[in-house]
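**Student:** following is a predicted model, sequence given first.
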Amino acid sequence: MKPSLLVVLAVALCAERAFSLSCFTCKDASSNIQCMNIATCSDHEKYCLTTYSTTGLGNDRKQHITKKCSAFCPSIDVNIGIAGVATSCCETSLCNFSGASSVKTSYTMIAVGVLASLACILRLGF
């Protein structure tokens, strides 16, 4: 009876591992084509997380893509004009093939920030 118990235990352990989540991974890649590495997630990691960030303006604009396994799914979508961050999550193997929604530079936010700064300076009498 002990050998059959060991066989059942071995099958159960192998079957659980076969259903582990797999995600594409990369860190601070400049394009999605650099994010084709595949990692098997640990048991507590239930999401494939993609973070897309941008900094700069015009021709000086830089983008960074990070993909990884994650235990939680943060919902971040921030754009402060010259910088922005967006995240996306999914729950099936290799579901994070494409990048997160891109973050666009908001010239309106830049203008509002400049006008608010000027108003503060003029009010303080500098």
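**Tutor:** Looks like it came in fine.

**Student:** pull out the buried positions in stretch 27-47.
**Tutor:** Ala29, Asn32, Cys35, Ala39, Cys41, Glu45, Tyr47 (16 or more other Cβ atoms under 10 Å). Using the backbone N, CA and C atoms, a C-beta is placed for each residue, glycine as well.

**Student:** Arg61 versus the last one, what's the distance?
**Tutor:** If I follow you right, that is Tyr47. According to Cβ to Cβ, to the nearest Å, Tyr47 stands 28 Å off from Arg61.

**Student:** would you map the strands across this structure?
**Tutor:** 22-29, 37-40, 47-55, 62-70, 77-79, 83-90 (DSSP state E).

**Student:** any idea which of those strands is most buried?
**Tutor:** strand 47-55 (a mean of 21; mean count of other Cβ atoms under 10 Å).

**Student:** which other residues reach that strand?
**Tutor:** 21, 23-24, 41, 61-74, 76, 82-92, 94-96, 99-105 (Cβ atoms under 8 Å, 6 or more residues apart in numbering).

**Student:** given it, what are its sheet partners and their directions?
**Tutor:** strand 62-70 (antiparallel), strand 83-90 (antiparallel) (DSSP bridges).

**Student:** on that earlier part again, pipe the strands of the chain into a markdown table and attach mean pLDDT per row.
**Tutor:** Below are these laid out as a markdown table (pLDDT from 0 to 100):
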| stretch | mean pLDDT |
| --- | --- |
| strand 22-29 | 96 |
| strand 37-40 | 96 |
| strand 47-55 | 94 |
| strand 62-70 | 95 |
| strand 77-79 | 88 |
| strand 83-90 | 94 |
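
**Student:** dump the residue contacts of Ala29.
**Tutor:** Contacts of Ala29 (Cβ under 8 Å, 6+ apart): Cys35, His64, Ile65, Thr66.

**Student:** tell me which two in the residues you listed are the farthest apart.
**Tutor:** Spanning the widest gap among those are Cys35 and His64, at 10.9 Å by Cβ to Cβ.
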